[in-house]
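>>> Here is a sequence with its predicted model. Questions after.
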Amino acid sequence: MVAPLPARRRAQLLEILERDGVVQLDPAADELGVSVMTVRRDIQQLDAEGVVRRVRGGAVAPVRPRAFGERAATRASAKAAIARKALPLVPDDGAAAFDASTTSGALLAMLRPQRLLVVTNSIDNAAIARARSGVRAVLIGGELEERTGSLVGPTAEQTARGFAVDRFFTSASAVDAAIGTMEVSLEEAAVKQVLSAGARASVVLADSSKLGQQALVLALAWSAVDVLVTDLDPADERLDPFRDLVEIR
């Protein structure tokens, strides 16, 4: 097998990152037919360019605001797996809040016909909810965050305070066992804090590429989280740091 040229090789690494949400040194080296050292050097170069973030054993995507469509195309199978596991947690009637994440969107797309009021700060997720039979969607308003498509700011926070819901479903930019869930902006975190405070229970939907990572600002401390739903088997050792903190599904 002829090793790809450096530019093509780095493009392939970015394709792996887009597909899997993470680049792991050994599997990537096997897939590209090159040495682990070569992959490590490529990751160093991509990290210097700001298109990946180096972590132990490989690389992940840089934590930054991204448009809904861009996020929806990343780790789609993991999000679908999380949504299937979280679906039984959605009340059949009453009210539930959903953040502006595409993982929440995947869950909303699976809702059965039911009498449910959905509260969200996402134009995209409100549209997904409205398409489900029997579901009403309330968009909390606020200032549009152009980079993510979510609604944030004082108006969004004030409106969110007016709702008392059964469940709040939220993803995160990063999930750290010592800190909690984290976001890329203060504004995103603030809305999630208000929605969580108004919910009887908060459910974090996080694919495995988010675990052990950190972002800019704390959103939810573990004391505010009731359930952590991931794409991993609950017995997976990668979940060990979270076992004493939260219920895992």
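It's in. Numbering: from 1, shown residues only.
>>> Contacts only, for the residue lying closest to V194 once chain neighbours are set aside.
Nearest residue to V194 in three dimensions, chain neighbours excluded: A160, at 4.3 Å (Cβ to Cβ, 6 or more residues apart in numbering). C-betas here are computed from N, CA, C, even on glycine. Counting by Cβ atoms under 8 Å, 6 or more residues apart in numbering, A160 touches 97, 119, 121, 140, 191, 194-195, 198.
>>> what's the spacing between A235 and P88?
According to Cβ to Cβ, to the nearest Å, A235 and P88 sit 19 Å apart.
>>> just checking, next helix/strand downstream of the helix or strand of the chain at the bottom of the mean pLDDT ranking?
In the chain, the helix or strand scored least confidently by mean pLDDT, DSSP states H and E is helix 68-72, which has a mean of 55. Once the chain leaves helix 68-72, the next helix or strand it forms, by DSSP states H and E, is helix 76-86.
>>> Pull out the buried residues from that next one.
Of all the residues in helix 76-86, those buried under the rule 16 or more other Cβ atoms under 10 Å are 78-83, 85-86.
>>> what comes into contact with it?
Contacts of helix 76-86 (Cβ under 8 Å, 6+ apart): 21, 102-103, 106-107, 109-110, 169, 203, 205-209, 229-231, 249.
>>> Ends of stretch 236-249, what's the gap?
Start and end residues of stretch 236-249 are separated by 11 Å (Cα to Cα, to the nearest Å).
>>> Over to stretch 129-141?
Distance between the two ends of stretch 129-141: 16 Å, counting by Cα to Cα.
>>> Can you list the buried residues in it?
Residues 129, 132, 135, 137-140 are the ones in stretch 129-141 that count as buried (16+ other Cβ under 10 Å).
>>> Which ones among the residues you listed lie within helices?
Among the buried residues of stretch 129-141, the members falling in helices are A129 (criterion: DSSP state H).
>>> got the buried residues of stretch 129-141 as TSV, with distance to V36 and pLDDT columns?
Listed next are these as TSV, based on distance: Cβ to Cβ, whole Å; pLDDT from 0 to 100:
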residue	distance to V36	pLDDT
A129	45	96
R132	46	93
V135	49	94
A137	48	96
V138	51	96
L139	48	95
I140	48	94
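>>> and this structure, what are its domains?
As given by automatic domain parsing, the domain ranges for the chain are 6-60, 68-248.
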